[in-house]
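Participant: Quick one, fold the following:
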Amino acid sequence: MSIYYAPTKVLLEKNAEEKVAKELLLQNATKVLIHYGSTRIEKDGLLDKVTILLKQSGINYVTLSGVVPNPRLSLVHQGIELGKKEKVDFILAIGGGSVIDSSKAIGYGLFNGGEVWDFYSKKRTPLGCTPIGCILTQAAAGSEMSDSSVITNDEGMLKRGCNSDYCRLKFALLNPELTYSLPPYQTSCAVVDIMMHTMERYFITGTTLPLTDNLALSLIKTVMEYGLLALKEPNNYKARATLMWASSISHNGLMAVGNVNKGDWAPHQLEHELSGLFDVAHGAGLAAIWSSWATYVCKTNPARFQKFGEVLFSLPSNAEPSLAIKKMEDFYLELKMPIRISQMGIKLTEEEIETLSTKCSFNNNRTIGALKVLNKEDIKAIYELAK
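Facilitator: Model prediction:
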(Lines give C-alpha, C1' and ligand atoms only; values in the text may rest on other atoms or scores of the structure.)
Protein backbone atom coordinates (compact mmCIF):
# COMPACT_ATOMS: atom_id res chain seq x y z
CA MET A 1 0.00 0.00 0.00
CA SER A 2 1.23 3.49 -0.88
CA ILE A 3 0.21 6.63 0.94
CA TYR A 4 0.93 9.99 -0.67
CA TYR A 5 0.45 12.84 1.79
CA ALA A 6 1.59 16.32 0.79
CA PRO A 7 -0.33 18.92 2.84
CA THR A 8 2.12 21.81 2.41
CA LYS A 9 0.84 24.86 0.55
CA VAL A 10 3.47 25.86 -2.01
CA LEU A 11 3.81 29.23 -3.73
CA LEU A 12 6.36 29.08 -6.55
CA GLU A 13 6.66 32.52 -8.10
CA LYS A 14 8.69 35.72 -8.21
CA ASN A 15 8.43 37.69 -4.97
CA ALA A 16 6.73 34.77 -3.21
CA GLU A 17 8.29 35.94 0.06
CA GLU A 18 6.07 39.03 -0.04
CA LYS A 19 3.11 36.76 0.82
CA VAL A 20 4.66 35.75 4.15
CA ALA A 21 2.52 37.97 6.40
CA LYS A 22 -0.65 36.87 4.64
CA GLU A 23 0.23 33.21 5.11
CA LEU A 24 1.12 33.72 8.77
CA LEU A 25 -2.20 35.45 9.42
CA LEU A 26 -4.01 32.54 7.77
CA GLN A 27 -2.26 30.31 10.31
CA ASN A 28 -3.35 32.61 13.18
CA ALA A 29 0.28 33.20 14.14
CA THR A 30 0.76 35.83 16.85
CA LYS A 31 4.40 35.35 17.91
CA VAL A 32 6.83 34.01 15.33
CA LEU A 33 10.33 32.62 15.76
CA ILE A 34 12.29 33.60 12.63
CA HIS A 35 15.02 31.00 12.29
CA TYR A 36 17.90 31.31 9.83
CA GLY A 37 21.59 30.66 9.40
CA SER A 38 23.37 32.31 6.51
CA THR A 39 24.52 35.93 6.68
CA ARG A 40 23.37 36.00 3.04
CA ILE A 41 19.84 36.40 4.42
CA GLU A 42 20.92 39.61 6.13
CA LYS A 43 23.24 40.95 3.41
CA ASP A 44 20.67 40.45 0.65
CA GLY A 45 18.11 42.39 2.68
CA LEU A 46 15.69 39.47 2.92
CA LEU A 47 15.53 39.48 6.71
CA ASP A 48 14.74 43.20 6.81
CA LYS A 49 12.09 42.73 4.13
CA VAL A 50 10.39 39.98 6.12
CA THR A 51 10.47 41.76 9.47
CA ILE A 52 9.00 44.92 7.92
CA LEU A 53 6.15 42.89 6.44
CA LEU A 54 5.46 41.26 9.80
CA LYS A 55 5.49 44.60 11.63
CA GLN A 56 3.08 46.10 9.12
CA SER A 57 0.68 43.21 9.74
CA GLY A 58 0.95 43.42 13.52
CA ILE A 59 2.74 40.07 13.88
CA ASN A 60 5.28 39.92 16.70
CA TYR A 61 8.52 38.03 16.21
CA VAL A 62 11.88 37.05 17.67
CA THR A 63 14.91 35.88 15.70
CA LEU A 64 17.46 33.11 16.09
CA SER A 65 20.36 32.82 13.64
CA GLY A 66 23.39 30.55 13.59
CA VAL A 67 22.21 27.44 11.73
CA VAL A 68 25.11 25.68 10.00
CA PRO A 69 25.20 22.82 7.49
CA ASN A 70 24.56 19.59 9.42
CA PRO A 71 22.48 21.61 11.94
CA ARG A 72 23.42 21.20 15.57
CA LEU A 73 21.40 20.02 18.54
CA SER A 74 22.92 22.76 20.71
CA LEU A 75 21.24 25.49 18.62
CA VAL A 76 17.99 23.52 18.64
CA HIS A 77 18.12 23.61 22.45
CA GLN A 78 18.61 27.40 22.30
CA GLY A 79 15.62 27.71 19.99
CA ILE A 80 13.41 25.66 22.28
CA GLU A 81 14.33 27.78 25.30
CA LEU A 82 13.80 31.01 23.36
CA GLY A 83 10.48 29.76 22.04
CA LYS A 84 9.27 28.90 25.53
CA LYS A 85 10.40 32.21 26.95
CA GLU A 86 8.77 34.25 24.18
CA LYS A 87 5.63 32.08 23.96
CA VAL A 88 6.20 31.43 20.25
CA ASP A 89 3.26 29.86 18.41
CA PHE A 90 4.78 29.61 14.90
CA ILE A 91 8.26 29.04 13.44
CA LEU A 92 9.35 30.70 10.19
CA ALA A 93 12.42 29.16 8.60
CA ILE A 94 14.34 31.35 6.16
CA GLY A 95 16.97 29.32 4.37
CA GLY A 96 17.52 25.82 3.03
CA GLY A 97 17.23 22.31 4.38
CA SER A 98 19.47 22.78 7.40
CA VAL A 99 17.39 25.73 8.66
CA ILE A 100 14.13 23.88 8.04
CA ASP A 101 15.41 20.73 9.78
CA SER A 102 16.53 22.79 12.77
CA SER A 103 13.11 24.48 12.84
CA LYS A 104 11.38 21.10 12.83
CA ALA A 105 13.46 19.96 15.79
CA ILE A 106 12.64 23.16 17.67
CA GLY A 107 8.98 22.59 16.84
CA TYR A 108 9.14 19.08 18.27
CA GLY A 109 10.78 20.34 21.43
CA LEU A 110 8.30 23.17 21.98
CA PHE A 111 5.25 20.99 21.47
CA ASN A 112 6.29 17.79 23.24
CA GLY A 113 8.63 18.93 26.00
CA GLY A 114 11.43 16.78 27.40
CA GLU A 115 14.71 16.11 25.61
CA VAL A 116 14.20 16.60 21.88
CA TRP A 117 17.10 14.28 21.00
CA ASP A 118 14.92 11.41 22.22
CA PHE A 119 12.99 11.66 18.95
CA TYR A 120 16.17 11.37 16.88
CA SER A 121 17.60 8.52 18.97
CA LYS A 122 14.24 6.72 18.67
CA LYS A 123 13.56 6.70 22.41
CA ARG A 124 10.27 8.59 21.89
CA THR A 125 7.86 9.36 19.07
CA PRO A 126 6.60 12.93 18.53
CA LEU A 127 2.96 13.58 19.32
CA GLY A 128 2.87 16.92 17.53
CA CYS A 129 4.94 19.89 16.38
CA THR A 130 4.67 23.67 16.62
CA PRO A 131 3.53 24.82 13.14
CA ILE A 132 6.25 25.80 10.68
CA GLY A 133 6.46 27.67 7.39
CA CYS A 134 9.43 28.64 5.26
CA ILE A 135 10.89 31.05 2.78
CA LEU A 136 13.22 28.82 0.78
CA THR A 137 16.58 30.26 -0.26
CA GLN A 138 18.33 27.06 -1.32
CA ALA A 139 16.80 24.23 -3.33
CA ALA A 140 18.43 20.97 -2.26
CA ALA A 141 17.16 19.00 0.72
CA GLY A 142 13.45 19.11 -0.05
CA SER A 143 12.71 19.52 3.64
CA GLU A 144 10.08 22.12 2.75
CA MET A 145 7.73 19.29 1.68
CA SER A 146 9.12 16.23 3.46
CA ASP A 147 8.28 14.50 6.72
CA SER A 148 11.93 14.29 7.74
CA SER A 149 14.42 16.21 9.81
CA VAL A 150 18.10 15.41 10.37
CA ILE A 151 20.08 16.83 13.31
CA THR A 152 23.68 16.41 14.45
CA ASN A 153 24.33 15.94 18.17
CA ASP A 154 27.37 17.98 19.17
CA GLU A 155 28.29 15.27 21.67
CA GLY A 156 29.79 12.50 19.60
CA MET A 157 28.80 14.21 16.31
CA LEU A 158 26.01 11.71 15.75
CA LYS A 159 23.79 12.61 12.80
CA ARG A 160 20.30 11.17 13.13
CA GLY A 161 16.88 11.64 11.55
CA CYS A 162 13.29 11.80 12.72
CA ASN A 163 10.33 11.21 10.41
CA SER A 164 6.82 12.30 11.26
CA ASP A 165 3.93 13.92 9.42
CA TYR A 166 3.58 16.33 12.35
CA CYS A 167 6.58 18.34 11.11
CA ARG A 168 5.26 18.91 7.60
CA LEU A 169 5.25 22.63 6.82
CA LYS A 170 2.07 24.65 6.61
CA PHE A 171 3.43 26.68 3.72
CA ALA A 172 6.56 27.04 1.61
CA LEU A 173 7.29 30.27 -0.27
CA LEU A 174 9.55 29.59 -3.25
CA ASN A 175 11.04 32.50 -5.15
CA PRO A 176 13.72 31.14 -7.52
CA GLU A 177 15.42 34.55 -7.61
CA LEU A 178 16.43 34.08 -3.97
CA THR A 179 18.80 31.32 -5.10
CA TYR A 180 20.67 33.45 -7.65
CA SER A 181 23.41 34.38 -5.18
CA LEU A 182 24.25 30.81 -4.18
CA PRO A 183 27.96 30.03 -4.71
CA PRO A 184 28.67 27.45 -7.44
CA TYR A 185 29.81 24.82 -4.93
CA GLN A 186 26.53 25.03 -3.03
CA THR A 187 24.58 24.82 -6.28
CA SER A 188 26.50 21.67 -7.25
CA CYS A 189 25.90 20.12 -3.84
CA ALA A 190 22.22 20.95 -4.22
CA VAL A 191 21.99 19.25 -7.61
CA VAL A 192 23.45 16.04 -6.15
CA ASP A 193 21.13 16.18 -3.13
CA ILE A 194 18.01 16.64 -5.28
CA MET A 195 18.96 13.78 -7.59
CA MET A 196 19.84 11.46 -4.73
CA HIS A 197 16.46 11.79 -3.06
CA THR A 198 14.91 10.30 -6.19
CA MET A 199 17.74 7.83 -6.85
CA GLU A 200 17.29 6.43 -3.34
CA ARG A 201 13.67 5.69 -4.22
CA TYR A 202 14.47 4.34 -7.69
CA PHE A 203 17.19 1.82 -6.81
CA ILE A 204 15.11 -0.87 -5.13
CA THR A 205 14.07 -4.45 -5.71
CA GLY A 206 10.51 -5.67 -6.11
CA THR A 207 7.45 -4.26 -7.81
CA THR A 208 7.40 -0.64 -9.01
CA LEU A 209 4.92 1.39 -11.02
CA PRO A 210 6.08 2.26 -14.56
CA LEU A 211 4.65 5.77 -14.19
CA THR A 212 6.63 6.35 -10.99
CA ASP A 213 9.79 4.98 -12.61
CA ASN A 214 9.34 7.27 -15.60
CA LEU A 215 8.70 10.28 -13.37
CA ALA A 216 11.81 9.48 -11.33
CA LEU A 217 14.13 9.11 -14.32
CA SER A 218 12.68 12.23 -15.95
CA LEU A 219 13.23 14.25 -12.79
CA ILE A 220 16.86 13.12 -12.51
CA LYS A 221 17.55 13.86 -16.18
CA THR A 222 15.92 17.29 -15.92
CA VAL A 223 17.91 18.20 -12.80
CA MET A 224 21.13 17.18 -14.52
CA GLU A 225 20.36 19.45 -17.49
CA TYR A 226 19.18 22.47 -15.54
CA GLY A 227 21.77 22.02 -12.79
CA LEU A 228 24.53 22.53 -15.34
CA LEU A 229 22.62 25.48 -16.79
CA ALA A 230 22.30 27.09 -13.35
CA LEU A 231 26.07 26.80 -12.90
CA LYS A 232 26.67 28.37 -16.31
CA GLU A 233 23.97 31.06 -15.88
CA PRO A 234 23.37 31.63 -12.15
CA ASN A 235 20.57 34.14 -12.82
CA ASN A 236 18.63 31.92 -15.21
CA TYR A 237 15.12 31.95 -13.76
CA LYS A 238 13.93 28.81 -15.56
CA ALA A 239 16.93 26.81 -14.34
CA ARG A 240 16.56 27.98 -10.75
CA ALA A 241 12.79 27.45 -10.74
CA THR A 242 13.24 23.95 -12.14
CA LEU A 243 15.73 23.04 -9.41
CA MET A 244 13.52 24.56 -6.73
CA TRP A 245 10.43 22.59 -7.74
CA ALA A 246 12.45 19.42 -8.31
CA SER A 247 13.87 19.74 -4.80
CA SER A 248 10.36 19.79 -3.36
CA ILE A 249 8.83 16.91 -5.29
CA SER A 250 11.95 14.74 -5.15
CA HIS A 251 11.56 14.35 -1.38
CA ASN A 252 7.81 14.63 -0.76
CA GLY A 253 7.03 10.97 -1.42
CA LEU A 254 5.78 11.27 -5.00
CA MET A 255 8.77 9.38 -6.39
CA ALA A 256 7.94 6.26 -4.36
CA VAL A 257 4.17 5.98 -4.97
CA GLY A 258 3.24 2.40 -5.92
CA ASN A 259 6.70 1.00 -5.21
CA VAL A 260 7.09 -2.01 -2.96
CA ASN A 261 9.14 0.03 -0.47
CA LYS A 262 10.00 3.66 0.17
CA GLY A 263 13.59 3.39 -1.03
CA ASP A 264 17.06 2.12 -0.28
CA TRP A 265 18.61 5.01 1.69
CA ALA A 266 21.94 3.26 2.30
CA PRO A 267 23.94 6.05 0.57
CA HIS A 268 22.26 8.58 2.86
CA GLN A 269 23.04 6.52 5.96
CA LEU A 270 26.65 6.10 4.86
CA GLU A 271 26.95 9.83 4.19
CA HIS A 272 25.33 10.83 7.47
CA GLU A 273 28.20 9.23 9.38
CA LEU A 274 30.74 10.81 7.05
CA SER A 275 29.37 14.34 7.49
CA GLY A 276 28.80 13.71 11.19
CA LEU A 277 32.48 12.85 11.69
CA PHE A 278 34.07 15.27 9.22
CA ASP A 279 31.35 17.96 8.80
CA VAL A 280 31.42 17.76 5.00
CA ALA A 281 28.66 19.20 2.80
CA HIS A 282 25.87 16.67 2.43
CA GLY A 283 25.70 16.78 -1.38
CA ALA A 284 29.46 16.42 -1.74
CA GLY A 285 29.47 13.50 0.68
CA LEU A 286 26.72 11.75 -1.29
CA ALA A 287 28.65 12.16 -4.53
CA ALA A 288 31.79 10.79 -2.90
CA ILE A 289 29.96 7.69 -1.62
CA TRP A 290 27.44 6.88 -4.36
CA SER A 291 29.48 5.10 -7.03
CA SER A 292 31.23 2.87 -4.50
CA TRP A 293 27.86 1.88 -3.05
CA ALA A 294 26.45 1.34 -6.55
CA THR A 295 29.42 -0.82 -7.58
CA TYR A 296 28.99 -2.93 -4.45
CA VAL A 297 25.23 -3.55 -4.85
CA CYS A 298 24.48 -3.32 -8.60
CA LYS A 299 24.53 -7.09 -9.23
CA THR A 300 21.48 -7.41 -6.98
CA ASN A 301 19.31 -5.74 -9.62
CA PRO A 302 21.37 -5.02 -12.76
CA ALA A 303 18.25 -4.28 -14.83
CA ARG A 304 17.58 -1.23 -12.67
CA PHE A 305 21.02 0.20 -13.48
CA GLN A 306 20.66 -0.71 -17.16
CA LYS A 307 17.38 1.23 -17.42
CA PHE A 308 19.03 4.12 -15.55
CA GLY A 309 21.90 4.17 -18.07
CA GLU A 310 19.61 3.80 -21.05
CA VAL A 311 17.33 6.74 -20.15
CA LEU A 312 19.91 9.13 -18.69
CA PHE A 313 22.95 8.42 -20.85
CA SER A 314 21.57 6.69 -23.98
CA LEU A 315 23.47 3.50 -23.21
CA PRO A 316 22.36 0.20 -24.81
CA SER A 317 19.61 -1.49 -22.83
CA ASN A 318 21.88 -4.47 -22.14
CA ALA A 319 24.95 -2.42 -21.14
CA GLU A 320 26.91 -3.43 -18.08
CA PRO A 321 25.76 -1.55 -14.93
CA SER A 322 29.33 -0.35 -14.46
CA LEU A 323 28.95 1.84 -17.56
CA ALA A 324 25.98 3.71 -16.06
CA ILE A 325 27.89 4.11 -12.80
CA LYS A 326 30.90 5.52 -14.68
CA LYS A 327 28.65 7.96 -16.57
CA MET A 328 27.24 9.22 -13.28
CA GLU A 329 30.76 9.67 -11.94
CA ASP A 330 31.59 11.73 -15.03
CA PHE A 331 28.56 13.93 -14.37
CA TYR A 332 29.58 14.49 -10.74
CA LEU A 333 33.04 15.50 -11.92
CA GLU A 334 31.45 17.92 -14.40
CA LEU A 335 29.70 19.48 -11.40
CA LYS A 336 33.14 19.63 -9.70
CA MET A 337 31.87 17.22 -7.07
CA PRO A 338 34.08 14.51 -5.54
CA ILE A 339 33.64 10.86 -6.45
CA ARG A 340 35.93 9.61 -3.68
CA ILE A 341 36.27 10.68 -0.06
CA SER A 342 39.95 11.56 -0.58
CA GLN A 343 38.88 14.25 -3.07
CA MET A 344 37.38 16.15 -0.13
CA GLY A 345 40.80 16.28 1.53
CA ILE A 346 40.03 13.38 3.86
CA LYS A 347 42.43 10.43 4.02
CA LEU A 348 40.52 7.78 5.90
CA THR A 349 42.51 5.65 8.31
CA GLU A 350 41.56 2.08 9.20
CA GLU A 351 40.53 3.34 12.62
CA GLU A 352 38.24 5.96 11.08
CA ILE A 353 36.67 3.40 8.74
CA GLU A 354 35.98 1.20 11.75
CA THR A 355 34.43 4.17 13.57
CA LEU A 356 32.23 5.06 10.59
CA SER A 357 31.11 1.45 10.17
CA THR A 358 30.37 1.05 13.87
CA LYS A 359 28.30 4.23 13.96
CA CYS A 360 26.45 3.44 10.74
CA SER A 361 25.56 -0.06 11.95
CA PHE A 362 24.59 1.23 15.42
CA ASN A 363 27.35 -0.84 17.02
CA ASN A 364 26.56 -3.77 14.73
CA ASN A 365 22.92 -3.78 15.83
CA ARG A 366 21.25 -2.76 12.55
CA THR A 367 21.48 -3.27 8.81
CA ILE A 368 20.87 -0.63 6.15
CA GLY A 369 19.65 -0.66 2.56
CA ALA A 370 16.83 -2.25 0.58
CA LEU A 371 18.37 -2.96 -2.83
CA LYS A 372 20.93 -5.04 -0.97
CA VAL A 373 20.77 -5.37 2.81
CA LEU A 374 24.11 -4.27 4.23
CA ASN A 375 25.62 -5.37 7.54
CA LYS A 376 28.61 -3.84 9.28
CA GLU A 377 31.13 -5.72 7.14
CA ASP A 378 29.37 -4.60 3.94
CA ILE A 379 29.32 -1.02 5.20
CA LYS A 380 33.02 -1.22 5.98
CA ALA A 381 33.75 -2.58 2.49
CA ILE A 382 31.92 0.34 0.86
CA TYR A 383 33.85 2.91 2.90
CA GLU A 384 37.05 1.13 1.80
CA LEU A 385 35.98 1.37 -1.85
CA ALA A 386 35.05 5.03 -1.45
CA LYS A 387 38.15 6.23 0.35
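
Participant: per-domain residue ranges of this structure.
Facilitator: 9-178, 182-386 (automatic domain parsing).

Participant: Residue 3: which of those domains is closest?
Facilitator: domain 182-386 (7.9 Å; CB to CB). (C-beta placed from N, C-alpha, C; glycine too.)

Participant: What's the end-to-end length of the closest one?
Facilitator: 28 Å (CA to CA, to the nearest Å).

Participant: what helix or strand is residue 323 on?
Facilitator: Assigned by DSSP states H and E, residue 323 falls within helix 321-334.

Participant: buried residues in that helix?
Facilitator: By neighbour count with 16 or more other CB atoms under 10 Å, helix 321-334 contains the buried residues 321, 324, 325, 326, 327, 328, 329, 331, 332.

Participant: Let's verify the nearest residue to residue 145 once chain neighbours are set aside: helix, strand, or coil?
Facilitator: Leaving aside its chain neighbours, residue 145 sits nearest to residue 252 (3.8 Å; criterion: CB to CB, 6 or more residues apart in numbering). At residue 252, secondary structure determined by DSSP: H, G, I helix; E, B strand; the rest coil is coil.

Participant: mind listing what residue 252 touches?
Facilitator: Counting by CB atoms under 8 Å, 6 or more residues apart in numbering, residue 252 makes contact with 6, 8, 142, 145, 146.

Participant: how about those in a markdown table, adding pLDDT?
Facilitator: Output for these, formatted as a markdown table (pLDDT from 0 to 100):
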| residue | pLDDT |
| --- | --- |
| 6 | 94 |
| 8 | 98 |
| 142 | 94 |
| 145 | 97 |
| 146 | 96 |
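
Participant: mind listing the strands for the stretch 51-200 of the chain?
Facilitator: With DSSP state E, counting those that start in this stretch, the ranges of strands along the stretch 51-200 of the chain come out as 60-64, 90-95, 132-136, 148-153, 158-163, 171-174.

Participant: Report the central residue of this protein.
Facilitator: residue 141 (2.6 Å; CA atoms, centre = their mean).

Participant: Give me the helix or strand of this structure that scores worst on average pLDDT.
Facilitator: Every helix and strand in the chain was compared by mean pLDDT, DSSP states H and E; the lowest is helix 40-43, with a mean of 88.

Participant: Return the distance of that one from the chain's centre.
Facilitator: 22 Å (CA atoms, centre = their mean, to the nearest Å).

Participant: same check, this time on stretch 70-90
Facilitator: Distance, centroid of stretch 70-90 to centroid of chain: 21 Å (CA atoms, centre = their mean).

Participant: Tell me the buried residues in it?
Facilitator: 70-73, 75-77, 79-80, 82-83, 88-90.

Participant: Need these in a markdown table (columns: distance to residue 103 and pLDDT).
Facilitator: Formatted as a markdown table, the buried residues of stretch 70-90 follow (distance: CB to CB, whole Å; pLDDT from 0 to 100):
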| residue | distance to residue 103 | pLDDT |
| --- | --- | --- |
| 70 | 15 | 90 |
| 71 | 9 | 95 |
| 72 | 13 | 96 |
| 73 | 14 | 97 |
| 75 | 11 | 98 |
| 76 | 9 | 98 |
| 77 | 14 | 98 |
| 79 | 8 | 98 |
| 80 | 11 | 98 |
| 82 | 12 | 98 |
| 83 | 10 | 98 |
| 88 | 11 | 98 |
| 89 | 14 | 98 |
| 90 | 10 | 98 |
